[in-house]
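> sequence and predicted model, in that order:
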Amino acid sequence: MRVLVIGAGALGGYYGACLVRAGRDVTFLVRAGRAEQLRRNGLQVVSPHGDFALQPKILVADDLKDAFDVVLVGVKSYSLDDAMSQFAPAVGGSTMILPILNGLKHIDALTARFGASCVLGGLANVSAGLDADGRVVQFMANQTIVFGETKGALSDRVLALETLLRVPGIDVRASEEIMQDMWEKFVQLSTLAGITCLMRASIGDILTVPNGEAFIFRLFAECCSVATASGFEPRTAFIEFDRNLFTTVNSPLKASMLRDIERGSITEAEHILGDMANRARALGIDTPLLDLARAHVAAYEIGRQRAAS
C-alpha cells in the first residue's frame, strides 16, 4: 500500500518515520518551509526507544497528482480545512483516510468532504513534539494507534491496514468499537486539558492543592456524563485506568493544550473543550467546570490574537 502522511509534525512525523524505517512506501505532504528543512536535515526522531534519522519522500501540495491507498492525517484540528483541500487529489475510490486527531468533530468534516466510505475512526496515544531544530521528540514511551470502521466490525481493509502499521515503534490495534475508543479518549483529553489549563499546572501539582483531586474528578464526571448520554458510556476498565492516571503522585502529566499556552501558541480548545461543552448543551447536561475551562482558554486565545495583531 502507498501511504501519504499529511504533515511531518509530532504525530505524522513520528508514525510516518517508523513506517519508512520499516520499509513501507510512505510519502509526506508538507508545506514548503518544512520541505526545505527535511531536505536539509532529514527527518530526525529523538525517542526513549532509540534515536534515528532518515531521508523521507516528500511532496508539496502543488505536486500532488495521484491517489494513494492510505492517507494518514495527523495535523492539528485548526489546520484540517486547509489540509483537506491540499490532500484531496490523493483520495480515490478505494482510499482509506485514517485521522489520528484529537476529539471527534473532524470525523464529520472528513465525511462531509470525502464520503463516509473513505473515513476510518482512529486515535493515537503518543507524547511528542517538534523541537527548535525540527526534530520529532518523543517524550514518553507510549506509541499506540487504534483504528477501525466507524460502524464497527473488522473489515478486510482494516485488517490489511493493521498489518501495514504493525512495525517497530508503533503499537497498533484494529478495533471493532473505535467510536467507543474515541469517545473515551475524548473524555480523558477533555478532563486533562480542562483541568491542567484551568489550573495552569501538572496533575501532580494539582493533587497537592486543597480540593485539587476533587476538582479533577468533578470535571471527569461531567465529561463522562456527556459520553454516556451520547450512547458511549465509559467502560469500567477505562474509568479505572483514568482514576489511576489522575491520582499519580508527583505526576508531570499536563495536556499538550497547556504546553501550547505556555509557549503562546494557538490551541485546539474549541475542537476539544468547546465541542464537549456544545454536546453537553445539546443534551441538556450541566457542565460548570467544563464551561469554566473552555472560557478560560477562550480568554487566552483572545489575548493571544490581540498580541499577534
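Happy to help now that I have it.
> just give me the neighbour total for G13.
For G13, the count of nearby residues is 29 (other Cβ atoms under 10 Å). Every C-beta, even on glycine, is put in place using the N, C-alpha and C of the backbone.
> against D81, how distant is it?
Between G13 and D81 the distance, using Cβ to Cβ, to the nearest Å, works out to 21 Å.
> quick one: the strands in this protein, in order.
Using DSSP state E, the strands of the chain run over residues 2-6, 25-29, 43-46, 52-54, 57-59, 68-73, 91-99, 121-130, 136-148, 171-174.
> what would those look like in a markdown table with mean pLDDT?
Below are those laid out as a markdown table (pLDDT from 0 to 100):
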| stretch | mean pLDDT |
| --- | --- |
| strand 2-6 | 98 |
| strand 25-29 | 98 |
| strand 43-46 | 96 |
| strand 52-54 | 96 |
| strand 57-59 | 97 |
| strand 68-73 | 98 |
| strand 91-99 | 97 |
| strand 121-130 | 89 |
| strand 136-148 | 90 |
| strand 171-174 | 96 |
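> now the ones you listed in a markdown table, please, with extra columns for distance to A237 and mean neighbour count.
Listed next are these as a markdown table, based on distance: least, Cβ to Cβ, whole Å; neighbours: other Cβ atoms under 10 Å:
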| stretch | distance to A237 | mean neighbour count |
| --- | --- | --- |
| strand 2-6 | 31 | 24 |
| strand 25-29 | 33 | 22 |
| strand 43-46 | 31 | 20 |
| strand 52-54 | 33 | 14 |
| strand 57-59 | 40 | 16 |
| strand 68-73 | 27 | 25 |
| strand 91-99 | 24 | 19 |
| strand 121-130 | 15 | 20 |
| strand 136-148 | 14 | 19 |
| strand 171-174 | 14 | 16 |
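> redo those as a markdown table? Include distance to L161.
As requested, the strands of the chain are exported to a markdown table (distance: least, Cβ to Cβ, whole Å):
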| stretch | distance to L161 |
| --- | --- |
| strand 2-6 | 9 |
| strand 25-29 | 13 |
| strand 43-46 | 22 |
| strand 52-54 | 22 |
| strand 57-59 | 20 |
| strand 68-73 | 7 |
| strand 91-99 | 6 |
| strand 121-130 | 10 |
| strand 136-148 | 7 |
| strand 171-174 | 7 |
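> out of those strands, which is closest to G284?
strand 121-130 (26.2 Å; Cβ to Cβ).
> circling back: tell me which of the strands of the chain approaches T287 most closely.
strand 121-130 (22.3 Å).
> and the closest one with strand 91-99, angle?
If you take axes from the mean of the first three to the mean of the last three Cα atoms, to 10 degrees, strand 121-130 sits at 70 degrees to strand 91-99.
> relative to strand 136-148, how tilted is strand 121-130?
180 degrees.
> which outside residues touch strand 121-130?
9-11, 13-15, 74, 98-100, 102, 107, 136-140, 142-150, 178-179, 181-182, 185, 256, 259 (Cβ atoms under 8 Å, 6 or more residues apart in numbering).
> stretch 42-59 now?
Contacts of stretch 42-59 (Cβ under 8 Å, 6+ apart): 4, 8, 13-14, 16-18, 20-21, 26-30, 35, 38-39, 131, 133-138, 140-141, 143, 169.
> that one: end-to-end distance?
14 Å (Cα to Cα, to the nearest Å).
> quick one: distance of it to the chain centre.
20 Å (Cα atoms, centre = their mean, to the nearest Å).
> bridged to the closest residue to L19 other than its chain neighbours, which residues?
Computed as Cβ to Cβ, 6 or more residues apart in numbering, the closest residue to L19 that is not its neighbour in sequence is V26, at 4.8 Å. On the basis of DSSP bridges, V26 is bridged to V3.
> please tell me I have it right and V26 contacts Y15.
No: applying Cβ atoms under 8 Å as the test, V26 and Y15 come out as separate, 9.4 Å apart.
> so what sits against both of these two?
V5.
> contacting residues for A174?
146-148, 154, 158-159, 161-162.
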